[in-house]
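1. Mind folding the following:
(one chain, ligands or ions: 2)
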Amino acid sequence: MLFKLQVLFFKFIMVFLLIGTKILNFRKPELFSGSGSSLQLCDHIAKTGVKKLLVVTDAVLMKLGLLNPMLARLKELGVTTVIFDGVEPNPTIAQIETGLALLKRENCTAILAVGGGSSIDAAKVIGARATNPHSVRWMGGLFRLIFWPKTLYAVPTTAGTGSEVTIAAVVSDPENTRKFAIMDPRLVPTAAALDPQLMIGLPPHITAATGMDALTHAVEAYISRNSFAATDVEALEATRLIMQNLEKVVKNGADLEGRANMALASFKAGVAFTSAGVGYVHAIAHNFGAYYHVPHGLANAIVMPYVLDYSKPECTARLARLAEVGGLKKGGESDEQLADSFIAKIRAMNAEFGIPTKVEKLKSSDIPAIATAALKEAHWTYAVPRYMDKPTCENLVGKMLAA
Ligand SMILES: NC(=O)c1ccc[n+]([C@@H]2O[C@H](COP(=O)([O-])OP(=O)(O)OC[C@H]3O[C@@H](n4cnc5c(N)ncnc54)[C@H](O)[C@@H]3O)[C@@H](O)[C@H]2O)c1
Ligand SMILES: [Fe+2]
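-> Ligands and ions are numbered 1, 2, ... in the order given. Down below sits the predicted model:
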């Protein structure tokens, strides 16, 4: 009875969120796409009159020389660059503060993020901290920024998080063993480039995990109770593109067309979930990131089939539609069968990519705290199709214990 009342309350809050996101109609970045588009973005940055730019990235990409053409172009155009390459996967508050100190010391007026979701998110928060009086932790949650952040440009090198178009930045807080999101429409970058050329060196296991993250965004947005016509179009198209291209690019990273399609899919999935939200997959996966440093996409890929099995009774027709756009319909199947085939396909893709069905480091003694944190995140932020109480969540997480 108490749980039913709670669910009613959460649904009531979600209606307000839905009305809010529809009214706000979040802006999108000015988009450059295709091979070489990262250089077009550099030209655009120079034209806006930026003289000193903080480039936020990670040490792996610097070592690979991935940024060299962009840095050379910016130099040619008279833009001074200051490099901060201290971002690591699942970026922490401490890394953000180090980047912020550099931005202030060097008086940079704008930021260019080049990298995966970790670099783009870190850059978002550095930009927000530079102009707002509050701490990173204080800005956690919805609409907590007071002032506009520094102008941000983004070049994703994974396909992926969709962070180049979302209102979110996810931060790790190791002192409190948690990951939390800062969500504000003003965090959406001003302009972004989807350049598949930068993605051809992405190793197969990261291609797979980040691609499954994009798929999770599309799926969770599509089955969300806060989805609407515009988010449905983007989520379905993202699912179609991922189902047609992810396996190809995992096998052949140099498939430029496949890479471009995955970059577009990630962007579209980002558009869908920035309005419709995500769900329990993310809420649980964030905790696997916080507790055991499981990379975000990998955590989502592992959790997704379990959550979809649980959610299916309340979203069978929607899962069936995802199966259809994913090319799984042969003809004559019921929605129930199609929904099952969609979940089975996700399990098959995971197996093909070498993604495990269990979380190696998961400890049974952590499960109650993980369930509490996941439900807290989900119930105040996501319009999930089928709510779960704590024992149900603990049971679901327990299924991912390795032996
Ligand atoms: N802001 C959002 O809306 C949003 C959405 C989902 C996830 N996230 C967050 O994004 C982060 C994960 O980002 P990610 O999955 O893109 O990975 P990532 O940025 O953590 O990068 C993963 C690894 O891939 C490497 N890499 C990236 N691009 C490469 C390339 N082209 N070639 C070779 N190596 C490359 C990086 O150096 C890094 O070692 C997590 O913190 C997650 O919570 C944010
Ligand atoms: Fe994600």
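2. Relative to Phe342, how far out is Lys361?
-> Here Lys361 is placed at a distance of 29 Å from Phe342 (CB to CB, to the nearest Å). C-beta here means a position set from N, CA and C on the backbone, and glycine is covered the same way.
3. Looking at the two, which is more packed in?
-> Set side by side, Lys361 and Phe342 show more neighbours around Phe342, with 26 against 12, by other CB atoms under 10 Å.
4. ok, now which ones touch the residue in the stretch 201-350 of the chain positioned nearest to ligand 1?
-> Residue nearest to ligand 1 within the stretch 201-350 of the chain: His296 (3.6 Å; CB to the nearest ligand atom). Counting by CB atoms under 8 Å, 6 or more residues apart in numbering, His296 makes contact with Pro89, Asn90, Gly117, Thr161, Val170, Ala209, Asp213, Ala285, His286, Gly289.
5. Those also near ligand 1: which ones?
-> Among those, proximity to ligand 1 is found for Pro89, Asn90, Gly117, Thr161, Val170, Asp213 (CB under 6 Å from any ligand atom).
6. and of the residues you listed, the nearest to ligand 1?
-> Nearest to ligand 1, judged by CB to the nearest ligand atom, of the ones next to ligand 1 among the contacts of His296 is Gly117 at 2.4 Å.
7. Quick check: the closest one touching Thr161?
-> Yes: using CB atoms under 8 Å, Gly117 makes contact with Thr161 at a distance of 3.0 Å.
8. Need the residues touching each of the two.
-> Counting by CB under 8 Å, 6+ apart, the residues touching both Gly117 and Thr161 are Thr210, Asp213, His296.
9. Looking at those residues, which are in strands?
-> Using DSSP state E, the subset of those located in strands is empty.
10. Now render these as JSON lines, adding pLDDT and distance to Asn176.
-> Shown next, in JSON lines, are the shared contacts of Gly117 and Thr161 (pLDDT from 0 to 100; distance: CB to CB, whole Å):
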{"residue": "Thr210", "pLDDT": "98", "distance to Asn176": "26"}
{"residue": "Asp213", "pLDDT": "98", "distance to Asn176": "23"}
{"residue": "His296", "pLDDT": "96", "distance to Asn176": "18"}
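11. Could you list which of those residues belong to helices?
-> Members of those lying in helices (criterion: DSSP state H): Thr210, Asp213, His296.
12. so how far is Glu237 from the last one?
-> What that stands for is His296. The value you get for His296 to Glu237, if CB to CB is used, is 22 Å.
13. try the first one
-> Between Thr210 and Glu237 the distance, using CB to CB, works out to 18 Å.
14. out of these two, which sits in the busier spot?
-> Thr210 (29 against 18).
15. all strands of the stretch 51-200 of the chain, in order?
-> Here the stretch 51-200 of the chain has its strands, by DSSP state E, counting those that start in this stretch, at 52-56, 80-84, 110-115, 141-142, 151-156, 168-173, 178-183, 191-194.
16. so which of those gets nearest Leu396?
-> Proximity to Leu396, assessed across the strands of the stretch 51-200 of the chain by CB to CB, is greatest for strand 178-183 (18.9 Å).
17. Pull the residues that contact the closest one.
-> Contact partners of strand 178-183, identified using CB under 8 Å, 6+ apart, comprise 90, 124-125, 128, 136-137, 139-145, 167-173, 286-287, 289-290, 373, 377, 381.
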